[in-house]
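>>> Just need the structure, nothing else, for what follows:
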Amino acid sequence: MEIRDYLQLPYTRLVQEMNDESGHYFYGSILELDGCQSTGATLSELYENLNEAMEGYIEVKIAKNLPIPLPESVEGYSGKFVVRMPKTLHRKLSIEAKREGVSLNQLALYKLAL
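Alright, predicted model coming up:
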């Protein structure tokens with residue numbers, strides 16, 4: 001495959017709005033391409049910069065004859081997994097969920113998404 005073929009694939013873009021000592025900006029990365037990241041003052045600028053970063057990332061991988069990860073598909077993922085935890089943590093999370101008026105599952109999902 002060539003660079004343009006990879007750029008057409010549905011890679012997962014992770015975007016965060018940032019407010020820190022540098023100011024207000026957007027940070028983005030490509031989940032499947034470790035280290036492929038960029039920033040932009042606007043979402044539009046971020047996407048443009050992220051596409052340039054992807055192009056450079058893939059170009060280097062091809063030049064060095066290194067494997068390029070393909071996008072992850074959501075197929076094959078049920079959205080469910082089992083977690084074992086200490087009883088004390090289970091109790092603490094259950095109490096917190098009850099206090100917030102949500103299910104334990106909703107609370108765990110919220111905490112995992114942080």
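>>> which residues are contacting the helix or strand harbouring Asp5?
Asp5 belongs to helix 3-7 when assigned by DSSP states H and E. With C-beta atoms under 8 Å, 6 or more residues apart in numbering as the test, helix 3-7 has contacts from Asn51, Met54, Glu55, Ile58, Glu59, Ile62, Ile68. C-beta here means a position set from N, CA and C on the backbone, and glycine is covered the same way.
>>> same question, stretch 60-72
Stretch 60-72 has contacts (C-beta under 8 Å, 6+ apart) with 1-3, 6, 9-12, 31-34, 58.
>>> quick one: average confidence on it?
For stretch 60-72, mean pLDDT is 93.
>>> Tell me how far Gln37 lies from Ala53.
Plainly put, Gln37 is 6 Å away from Ala53 if you go by C-beta to C-beta, to the nearest Å.
>>> how does this structure divide into domains?
Listed domain ranges for the chain are 3-63, 78-114 (source: automatic domain parsing).
>>> got those as a markdown table, with mean neighbour count and distance to Glu72 columns?
Listed next are those as a markdown table, based on neighbours: other C-beta atoms under 10 Å; distance: least, C-beta to C-beta, whole Å:
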| stretch | mean neighbour count | distance to Glu72 |
| --- | --- | --- |
| domain 3-63 | 14 | 6 |
| domain 78-114 | 10 | 14 |
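>>> which stretches of the chain have low pLDDT?
Within the chain, no stretch falls below the threshold (pLDDT under 70).
>>> how about the strands in it?
Remark: strands assigned in the chain by DSSP state E are 13-20, 23-30, 37-40.
>>> Output those in JSON lines, with distance to Tyr77 appended to each entry.
Shown next, in JSON lines, are the strands of the chain (distance: least, C-beta to C-beta, whole Å):
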{"stretch": "strand 13-20", "distance to Tyr77": "17"}
{"stretch": "strand 23-30", "distance to Tyr77": "19"}
{"stretch": "strand 37-40", "distance to Tyr77": "24"}
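>>> gap between the lengthiest helix in the chain and the chain center?
Longest helix in the chain by number of residues (criterion: DSSP state H): helix 43-63. Between the centre of helix 43-63 and the centre of its chain there are 16 Å (C-alpha atoms, centre = their mean, to the nearest Å).
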